[in-house]
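K.L.:
Please work out how this folds:
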Amino acid sequence: MIALFGRDCGLVAWLHDSGNIFDRDLKFVALVRGGNVFKASDVAWLGPVDYTTLMDRTGLPVAFGNGYPPKGRLAPLQPVQPLKPLKPLQPLRPLTPLTTLPPPVPLGGWSALDFEEYLRS
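P.N.:
Okay, here's the model as predicted:
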């Protein structure tokens, strides 16, 4: 699993190889399908994803993977909503990652949303 960090470099979530996103307590909170992130609860679109950078609906980064600088992009078009997935099995708890170094400020800056606000948007 890849550790995801917020703009303050604190751990916010885990990205599983399956494309499922788990919060720090390993609760299934979102999924990645077709280059986009959707809420696990109602499959509402949260924004695009570029490898390990999760972006809000305006294309500004909310979280990024360790070792991968966050990226922004122009506001994307809303994709077709996928089918609601079955709840995945809870993964084994990964080792706590080392705190990452602050990344360069992404082009266009950071999203005004933190990870929790992002999941509620």
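K.L.:
Could you say which helix or strand holds the most centrally placed residue in the chain?
P.N.:
Compute the mean C-alpha point of the chain, and by CA atoms, centre = their mean the closest residue is residue 54, 3.9 Å away. Per DSSP states H and E: residue 54 is located in strand 53-55.
K.L.:
That strand: partners in the sheet, and parallel or antiparallel?
P.N.:
In the sheet, strand 53-55 lines up against strand 45-50 (antiparallel), strand 61-65 (antiparallel) (DSSP bridges).
K.L.:
Please identify the deepest-packed of the ones you listed.
P.N.:
strand 61-65 (a mean of 26; mean count of other CB atoms under 10 Å). C-beta: built from backbone N, CA, C; applies to glycine.
K.L.:
Residue 57 touches residue 37, doesn't it?
P.N.:
No. Applying CB atoms under 8 Å, one finds residue 57 not in contact with residue 37, separated by 10.0 Å.
K.L.:
Show me which of these two is the more surrounded one.
P.N.:
For residue 57 versus residue 37, neighbours defined as other CB atoms under 10 Å are more numerous around residue 37 (25 against 16).
K.L.:
what's the span of stretch 89-97, first residue to last?
P.N.:
22 Å (CA to CA, to the nearest Å).
K.L.:
coming back round to it: arrange the strands paired with strand 53-55 in JSON lines, one row each, with mean pLDDT as further columns.
P.N.:
Listed next are the strands paired with strand 53-55 as JSON lines, based on pLDDT from 0 to 100:
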{"stretch": "strand 45-50", "mean pLDDT": "97"}
{"stretch": "strand 61-65", "mean pLDDT": "97"}
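K.L.:
Out of those strands, flag the one nearest residue 73.
P.N.:
Of all those, strand 45-50 sits nearest to residue 73, with 6.9 Å by CB to CB.
K.L.:
and the spatially closest residue to residue 23 that is not a sequence neighbour, what element?
P.N.:
Nearest residue to residue 23 in three dimensions, chain neighbours excluded: residue 29, at 5.0 Å (CB to CB, 6 or more residues apart in numbering). Using DSSP H and E, residue 29 maps to strand 28-33.
K.L.:
Fine, thanks again, bye for now.
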